[in-house]
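Q: Sequence and predicted structure, then a few things I'm wondering about:
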Amino acid sequence: MEIALDNDLLEKFTAVAQGPDAELFTQILDSFYERLEEEYFSPEDWEAIREGEEAIERGEYISLEEYERSRGL
């Protein structure tokens, strides 16, 4: 899947990187970057990601703060 680095994509990247979830975004990006040379996502990985995105769209998620509170962090 080839994605052109156009202005729209760069603007979105910048907005998220400067937003309230910047730290989490950076951690995820670092994780993806580290995997570039190791392995690509399997079809099962992509399916899990798609299912997760659909769950988020349905509002089925908790905030990071709620998760941390539930774990006593």
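A: Everything's here; your move. Computed from a predicted model, the values in this text were never measured in an experiment.

Q: L64 is in contact with Q27, isn't it?
A: No. Contact between L64 and Q27 fails when scored by CB atoms under 8 Å: they sit 11.1 Å apart. Every C-beta, even on glycine, is put in place using the N, C-alpha and C of the backbone.

Q: quick one: what helix or strand has the residue sitting nearest the centre point of the chain in it?
A: Compute the mean C-alpha point of the chain, and by CA atoms, centre = their mean the closest residue is I28, 5.6 Å away. Per DSSP states H and E: I28 is located in helix 22-35.

Q: what does that helix contact?
A: V16, A17, G19, L64 (CB atoms under 8 Å, 6 or more residues apart in numbering).

Q: make it 6 Å
A: V16, A17 (CB atoms under 6 Å, 6 or more residues apart in numbering).

Q: Please state the offset of it from the chain centre?
A: 8 Å (CA atoms, centre = their mean, to the nearest Å).

Q: How about stretch 63-71?
A: With CA atoms, centre = their mean, you get 17 Å for stretch 63-71.

Q: Quick check: mean pLDDT of it?
A: For stretch 63-71, the mean pLDDT works out to 92.

Q: For this protein, just list every one of the helices.
A: 7-17, 22-35, 43-57, 64-70 (DSSP state H).
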